[in-house]
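Student: fold the following.
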Amino acid sequence: MDTQKFSGKFITVEGPDGAGKTTLIQGLTQKLEDKLAVPLKLTREPGGDPIAEDIREVILSPENVALDPKAEALLYAASRRQHLVHTVLPALEAGHMVLCDRFVDSSIAYQGYGREIGVEGIIAINQFATDGRQPDLTLYLDITAEEGIRRIQANRSQAEQNRLDVEAIDFHQRVHKGYGVLKDRFPERIQVIDATQDPESMQRDALAILESHFPTLFR
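Tutor: Reported below is the predicted structural model:
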C-alpha cells in the first residue's frame, strides 16, 4: 500500500477495558475541534462502517459465548478491513486527522495474549487485512487489569457490559501484559498516558502529545 498519498494522520486510542477511552475521546474531541487546522474524523473498532458495525454486534454480544477464539480474531480482522477501506483511508486521503478507538494493537493484546491463540497468527491475519497500514501515533491509556474491572463493575450496569467485560481477571491481566509488550516494542508510535489521572489531566496530556508530534495540523 502506498502510504505516501495520505496527507492526513491516523491516530488510535488503545487501552484495557475500563481505562477511560470513551471519556478521553469525548473530551479530546472538543479540544481538537477548537485547535485543529484540518477536519477531524472520529471512528471506532470494531465498527466504523455499516457492515463493520454488523460484525461488531456478533463479536460483542453477550449471547455469543460459544464464539471460537480464532473465529473471533477473524471477525475482528474482517471488520477492520471493511472499516479501513471505507472509512479510514478515504478520510486520510482527504487530509483529515482520524481518531480511532482501537485498531490492530487491540487484536494482538486481546486475542493474541488474552485468548492465548498466538501473536504471530494475529499479526499475519491483520497484515493481510490492513495491507500493513499502521497508525501514525497511538495514545495508550495505561491502567491495571484490576482497576479497569473495578471501574467497569462500578460504572456499567450488567446490561451495558459486553462479552469481554465479563471475562475472568486472568484474561484481563494477560491483555494488560500484551499491551506492555507492544509499548516496549514500539516506543515511538505508542505514547503512554497514565489512566489513573482525572479525565481533564488525561485530555491535556493527549493534546500535548498530538501537538508535539503533528504541529502543522494545528492552528
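
Student: tell me where this protein has strands.
Tutor: Across the chain, reading from the start of the chain, the strands by DSSP state E fall at 9-14, 40-44, 97-101, 137-142, 190-194.

Student: nearest to Lys70, out of the ones you listed?
Tutor: Shortest distance between Lys70 and these, using Cβ to Cβ, is found for strand 9-14: 22.1 Å. To be clear about C-beta, it is placed using only N, CA and C from the backbone, and glycine gets the same treatment.

Student: now do the closest one: which elements does it pack against?
Tutor: Helices and strands touching strand 9-14, as assessed by 3 or more Cβ pairs under 8 Å, 6 or more residues apart in numbering; DSSP states H and E, comprise helix 21-35, strand 97-101, helix 104-107, strand 137-142.

Student: can you rerun that using 6 Å?
Tutor: Based on contacts counted as 3 or more Cβ pairs under 6 Å, 6 or more residues apart in numbering; DSSP states H and E, the elements that strand 9-14 packs against are strand 97-101, strand 137-142.

Student: list the neighbouring strands of that strand plus their orientation.
Tutor: strand 97-101 (parallel), strand 137-142 (parallel) (DSSP bridges).

Student: between the lowest-mean-pLDDT helix or strand in the chain and strand 137-142, how big is the angle?
Tutor: Every helix and strand in the chain was compared by mean pLDDT, DSSP states H and E; the lowest is helix 145-155, with a mean of 89. An angle of 80 degrees separates the directions of helix 145-155 and strand 137-142 when computed by axes from the mean of the first three to the mean of the last three Cα atoms, to 10 degrees.

Student: quick one: contacts of helix 145-155?
Tutor: Pro16, Asp17, Gly18, Ala19, Asp165, His172, Gln173, His176 (Cβ atoms under 6 Å, 6 or more residues apart in numbering).

Student: great, nothing more from me.
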